[in-house]
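S.K.: below is the sequence, then the predicted model.
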Amino acid sequence: MNKLTNDRAPAYRAVITGYGSYAPEKILTNDNLAKMVDTSDEWITTRTGIKRRHIASDSETTASLATEAAKRALAEAKLDAKKLDLIIVGTITPEMVFPSTASFVQRSLGAKKAWVFDLAAACSGFVYGLSIVQQYIESGRLNNALVIGAETLTKITNWQDRTSCILFGDGAGAVVLERTDDGRKGIMYSTMFSDGERWEALNCQAYGSRYPADKKLDEPNKIYMEIKGREVYQQAVRRIVEAVTDCMEHCGLTNDDIAMVISHQMNARIIESAAKRLNLPDEKVYLNIAEYGNTSAASVPIAFDGCAREGKIKRGDIVIFVAFGAGLTWGANVIQF
Ligand code: UT7
């Protein structure tokens, strides 16, 4: 029997009452990419599972994508933005250095009551955000929150680097969380990890305090994302297994209890390899990477939105969100949907 509801359950839970996502209309296919760098649809498909990715136009920004996803989630939750207590935007491609992307989202939504901030945990930004909201709602401090993952990674992509430019896409996903005193649903558990020793595996070094805008870069490509693909691949498989195993053990769950694992979509082979080590059957692992590529913090909420709308999960199901990314950061949430 699982340990999700027991005598020590908190008085309140953070339950997902709305979800939504948005991706730019413009599409870049693998065949389009093969005209830009020395690659092929066949190589990208077999090595990553990606077929296409959505690309923000010049007029689309991280805040505009985030706002659109947020509006859809709020509509689903039937919650007026003016009632929001907190907005968190997980992103590593913010609107500007400051103020936060969340400030622009607050303004666009008219969410005057909310306090807002960005969360820079790369691909783990959304699951980290959920773990924060879980604490605030369980303590009774907040009634609700909006957590968004939003990225315009293609704006920091080196389109000459075939090892990275094939991977990334743009988009946003959002969830509305509200307080319930029903202990049998909501975010039941969160587990988060980091390893700053491995920061070099995935980074974009300009223009922070190490390389401010007025200091000449020793390497012009530092304005773009750099990845050590192999190292990331191996760490990702290991850390996803670690985070999901932690959830299962802490909550006393078996694979039979789980309806779906919704992973950050970084590479279909990474997700399949982790799923194999976890003995998860294919139908319990959601994949949408073919359509979106890697959208970092936006990836899990876009996948969750797709999975729910396709009817692959229903209310009451136990779902695990898991993410891994730059930092390194990784983590997972157990959700009773
Ligand atoms: O969310 C976290 C961010 N995600 C990541 O950082 C991605 C994690 N890593 C990966 O997904 C994979 O490591 C990649 C998809 C990036 C690369 O796949 P791989 O199976 O690890 O390939 P590899 O890097 O070992 O490269 C194999 C070969 C190399 O050629 P040689 O040295 O064997 O002649 C590469 O130069 O494939 C070549 N290659 C390509 N060929 C065609 C690398 N990129 C491409 C490409 N098209 N786009």
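M.R.: Good, I have the coordinates.

S.K.: C-alpha from now on. contacts and neighbour counts both.
M.R.: Will do.

S.K.: name the residues of the stretch 51-200 of the chain found near the ligand, please.
M.R.: Counting by Cα under 6 Å from any ligand atom, the stretch 51-200 of the chain comes close to the ligand at 123, 162-163, 166.

S.K.: right, and the ligand sits closest to which residue of the stretch 201-337 of the chain?
M.R.: G229 (3.6 Å; Cα to the nearest ligand atom).

S.K.: quick one: the helices in the stretch 201-337 of the chain?
M.R.: 229-251, 268-277, 289-292, 299-309 (DSSP state H, counting those that start in this stretch).

S.K.: most tightly surrounded among these?
M.R.: Across these, averaging neighbours per residue (mean count of other Cα atoms under 10 Å) puts helix 299-309 on top, at a mean of 23.

S.K.: okay, now A63: neighbour count?
M.R.: 27 (other Cα atoms under 10 Å).

S.K.: so it sits right up against Q106, yeah?
M.R.: No. The pair A63 and Q106 does not pass the contact test of Cα atoms under 8 Å, sitting 9.6 Å apart.

S.K.: need the strands for the stretch 101-250 of the chain, in chain order.
M.R.: 115-119, 144-152, 170-180, 186-194, 202-203, 226-227 (DSSP state E, counting those that start in this stretch).

S.K.: any idea which of those is most buried?
M.R.: strand 144-152 (a mean of 32).

S.K.: which among the helices of the stretch 201-337 of the chain is found nearest to Y19?
M.R.: With distances scored as Cα to Cα, the stretch of these nearest to Y19 is helix 299-309 (5.9 Å).

S.K.: what about that closest one, average pLDDT?
M.R.: Mean pLDDT, helix 299-309: 98.

S.K.: export it as PDB, just CAs?
M.R.: Output in PDB follows, covering the C-alpha atoms of helix 299-309 (Å, rounded to 0.1, in the frame of the first residue of the first chain):
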ATOM      1  CA  SER A 299       9.100  21.000 -21.500                       C
ATOM      2  CA  VAL A 300       7.400  19.300 -18.500                       C
ATOM      3  CA  PRO A 301       4.300  21.600 -18.400                       C
ATOM      4  CA  ILE A 302       3.900  21.400 -22.200                       C
ATOM      5  CA  ALA A 303       4.100  17.600 -22.000                       C
ATOM      6  CA  PHE A 304       1.700  17.600 -19.000                       C
ATOM      7  CA  ASP A 305      -0.800  19.700 -20.900                       C
ATOM      8  CA  GLY A 306      -0.600  17.500 -24.000                       C
ATOM      9  CA  CYS A 307      -0.800  14.300 -22.000                       C
ATOM     10  CA  ALA A 308      -3.900  15.500 -20.100                       C
ATOM     11  CA  ARG A 309      -5.700  16.900 -23.200                       C
END
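
S.K.: start and end of stretch 159-173, how far apart?
M.R.: 25 Å (Cα to Cα, to the nearest Å).

S.K.: so which residue of the stretch 1-150 of the chain comes closest to the ligand?
M.R.: T39 (3.6 Å).

S.K.: separation between that residue and N158?
M.R.: With Cα to Cα as the criterion, T39 and N158 are 14 Å apart.

S.K.: for the strands of the stretch 101-250 of the chain, could you give me TSV that also reports mean pLDDT?
M.R.: Putting the strands of the stretch 101-250 of the chain into TSV (pLDDT from 0 to 100) gives the following:
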stretch	mean pLDDT
strand 115-119	98
strand 144-152	98
strand 170-180	98
strand 186-194	97
strand 202-203	98
strand 226-227	96
